[in-house]
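Student: What shape does this take:
(chains A and B)
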Amino acid sequence: MRKWLFSLSFIAILAAGAFIFSTYSREPLYHRQSYIFGTLVDISIYGEPDARASLLTNQIFSDFQQLHDQLHAWKPVSSSQPSELGALNAAFAKGKQPVAISPQLAAMLTDATALSVKSQGMFNPAIGQLIGLWGFQRDEFSAVDINDDSIRKLVNAKPQMTDIVIRGNTAYSSNPSLKLDLGGYAKGYALDRAAEYLRNQGVKNALVNIGGNIIALGTHGDTPWRVGIQHPRKPAAIATLALDDGWAIGTSGDYQRYFVRNGKRYCHIIDPGTGYPVQHTQAVTVLIPPQANAGVLSDVASKPIFISSAENKAKAAAMLGVQYFMVIDQQSNIMLTDAMAKKLEWLDSDAKSKAHVKLVALP
Amino acid sequence: MQKAKPMLNSSPSPKLTFRHLLIGDWLTIIASALLIGYLFHTLWSHQHAAKVQIRLGNKIYATYSLNQQRTVHVHGPLGDAEIHIAQGKVRFARSPCHNQYCVHQGWLSHTGQVAICLPNQVSLELIGEKKPYDSLNY
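Tutor: Purely as a prediction, here's the structure:
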């Protein structure tokens, strides 16, 4: 009889232990997703009560939605009201008459212009007309007829960010073919805003992902936030890395927005110099250390590297001060800096075996 | 303590069974324990996902075990998406979207893999015991 009592109490202690463990191991992680900016927005907040995390997330989502409406390159807010960017583009196309511009948009354009100059025009949000011509200013990307003459005309018109003249609360463009498309800037800008908002609200740990561009605050409990990098041709991650407090990561790929015509892939990343989609690169990932505009840089800095030819990619990275980058070219060869290689943990078996992986030095 | 009697009666008490374990019994127990450990390691703790979480818009639509044969229909803003679950893997089999990127993703089987249909706002994410990463950069 005593033996039975002993076994019973032993089982009871085990059960209690398991129960306590399961309650303690339920971690304070809040996670939510929404479709904004035509893509998936995904927010994780660690260490805040669910109710508070939910309110903060609502606030960020509604702020993003507002930004989306304000900055949309082709969709009006309603049938009678264009987006702020749409109205500005309409005015730019008409002539050199200055029109009113919000201080926020003016600041964005000034910043984008500085980055465009630094990248020697390879990051160029002024080529909205070319992007439209290639059919990427639509919700769905079907193959378009390629009109070489129209492309040549738009390239020769040379729309540049420096054609925009901002004076006080007004702006005009000295080039009528300039059309803004902030598709390579707005998501990064939104990341910085979300990070700033969360910090101001006293949130220590969060991970914000807008369509693949990610910024980290703090950690995921005892360990850093971990991020997987999507393989451009496989339905799996190629590698993972720890995204420490304040770091941001962004990828430009030919696999998210593209169409195939006569067996050839045409992606949404267009070389402003030629007017044609880039076809030599599958993906470029940049990792940005903590700084005021880490989100913006994670969005912007991958483009010049993507557009540049293989031998000029490191030079393009250096223009924007990028030290951590990885390139996957059209043959699925991987090129990356030593600094980036040290951050990565490969998941892909080919990459793990170091086949097709090459280190590249920064200039 | 009463001394145990030989096991002649047909229903021995638990006390007796413990005391009378022979070397073969112990070997069997140890072998079973090892086998369970091995099976746990290969079948469970690997990165193979256990479940698929289907999201529609901003909400979790459903979570299914991957360990079954099943077709799920999800009605998104564009129409009906057909998702196939087949013994450890899952895919978009049909989607009303134009580009069909989600269908071209093919089968997913490992924890952390995702397939997103942006136009129809339906996403699949594989979840398992241990997530290899918190979020995906793409």
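Student: What is the burial count for residue 133?
Tutor: Defaulting to chain A. Around A:Leu133 there are 19 other residues, counting by other CB atoms under 10 Å in any protein chain shown. (Each C-beta comes from the backbone N, C-alpha and C, glycine too.)
Student: that's the other chain; I wanted chain B
Tutor: Other residues near B:Tyr133 come to 21 when the count uses other CB under 10 Å.
Student: So A:Gly228 sits against A:Pro235, correct?
Tutor: No - contact status for A:Gly228 versus A:Pro235: not in contact, 11.9 Å apart, counting by CB atoms under 8 Å.
Student: Just the CA coordinates for the longest helix anywhere in chain B, please, in PDB.
Tutor: Taking DSSP state H as the criterion, chain B has its longest helix at helix B:23-39. Taking only C-alpha atoms (Å, rounded to 0.1, in the frame of the first residue of the first chain), the coordinates of helix B:23-39 have been written out as PDB:
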ATOM      1  CA  ILE B  23      17.400  -9.800 -17.300                       C
ATOM      2  CA  GLY B  24      15.400 -10.300 -20.600                       C
ATOM      3  CA  ASP B  25      12.700  -8.000 -19.300                       C
ATOM      4  CA  TRP B  26      15.300  -5.400 -18.500                       C
ATOM      5  CA  LEU B  27      16.800  -5.700 -21.900                       C
ATOM      6  CA  THR B  28      13.400  -5.400 -23.500                       C
ATOM      7  CA  ILE B  29      12.700  -2.200 -21.400                       C
ATOM      8  CA  ILE B  30      16.100  -0.700 -22.300                       C
ATOM      9  CA  ALA B  31      15.700  -1.600 -26.000                       C
ATOM     10  CA  SER B  32      12.200   0.000 -26.000                       C
ATOM     11  CA  ALA B  33      13.500   3.100 -24.300                       C
ATOM     12  CA  LEU B  34      16.300   3.400 -26.900                       C
ATOM     13  CA  LEU B  35      13.800   2.800 -29.700                       C
ATOM     14  CA  ILE B  36      11.400   5.500 -28.400                       C
ATOM     15  CA  GLY B  37      14.400   7.900 -28.000                       C
ATOM     16  CA  TYR B  38      15.500   7.200 -31.600                       C
ATOM     17  CA  LEU B  39      12.000   7.600 -33.000                       C
END
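Student: near chain A at all, the helix or strand just after that helix?
Tutor: Using DSSP states H and E, the helix or strand that follows helix B:23-39 towards the C-terminus is strand B:51-56. Yes - Strand B:51-56 reaches chain A (CB under 8 Å from any CB of the partner chain) through B:Arg55.
Student: Looking at strand B:51-56 now, give me its mean pLDDT.
Tutor: Here strand B:51-56 scores 94 as its mean pLDDT.
Student: Identify the bridge partners of the residue sitting nearest the centre point of chain A.
Tutor: Centroid-nearest residue in chain A: A:Asn213, 3.3 Å away (criterion: CA atoms, centre = their mean). Beta-bridge partners for A:Asn213, by DSSP bridges, are A:Ile210.
Student: contacting residues for it?
Tutor: A:187-188, A:191, A:248-251, A:295, A:298-299, B:137 (CB atoms under 8 Å, 6 or more residues apart in numbering or on different chains).
Student: Just the pLDDT for it.
Tutor: Here the pLDDT value assigned to A:Asn213 is 97.
Student: now do A:Pro235
Tutor: So A:Pro235 comes in at 87 (pLDDT).
Student: A:Gly228 and A:Pro235: who's more crowded?
Tutor: A:Gly228 (24 against 17).
Student: you'd agree that one is in a helix?
Tutor: No - using DSSP: H, G, I helix; E, B strand; the rest coil, the assignment for A:Gly228 is strand, not a helix.
Student: Count the neighbours of the residue lying closest to B:Ser135 once chain neighbours are set aside for me.
Tutor: Excluding the flanking residues, the one nearest B:Ser135 by CB to CB, 6 or more residues apart in numbering or on different chains is A:Asn209, at 4.6 Å. By the criterion of other CB under 10 Å, A:Asn209 has 25 neighbours.
Student: Pull the residues that contact stretch A:156-169.
Tutor: Contact with stretch A:156-169 is made by A:92, A:98, A:100-103, A:106, A:109-110, A:112-113, A:116-117, A:121, A:124-127, A:129, A:171-175, A:177-179, as judged by CB under 8 Å, 6+ apart.
Student: For it, what is the distance to the chain centroid?
Tutor: Centre-to-centre, stretch A:156-169 and its host chain are 24 Å apart (CA atoms, centre = their mean, to the nearest Å).
Student: same deal with stretch A:335-347?
Tutor: Distance, centroid of stretch A:335-347 to centroid of chain: 19 Å (CA atoms, centre = their mean).
Student: what comes up buried for it?
Tutor: A:335-337, A:340-341, A:343-344, A:346-347 (16 or more other CB atoms under 10 Å in any protein chain shown).
Student: returning to what we had before: return the members of the contacts of stretch A:156-169 classed as buried.
Tutor: For the contacts of stretch A:156-169, buried by 16+ other CB under 10 Å: A:92, A:101, A:106, A:109, A:112-113, A:116, A:121, A:124-127, A:129, A:171-173, A:175, A:177-179.
Student: The buried residues of stretch A:335-347: which ones sit near chain B?
Tutor: Filtering the buried residues of stretch A:335-347 for proximity to chain B (criterion: CB under 8 Å from any CB) leaves A:Leu347.
Student: Dump the buried residues of stretch A:335-347 into a markdown table; add secondary structure and pLDDT as well.
Tutor: Listed next are those as a markdown table, based on DSSP: H, G, I helix; E, B strand; the rest coil; pLDDT from 0 to 100:
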| residue | secondary structure | pLDDT |
| --- | --- | --- |
| A:Met335 | strand | 97 |
| A:Leu336 | strand | 97 |
| A:Thr337 | strand | 97 |
| A:Met340 | helix | 97 |
| A:Ala341 | helix | 96 |
| A:Lys343 | helix | 97 |
| A:Leu344 | strand | 96 |
| A:Trp346 | strand | 95 |
| A:Leu347 | coil | 92 |
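Student: Helices along chain B, start to end?
Tutor: Using DSSP H, helices in chain B cover B:14-19, B:23-39, B:101-104.
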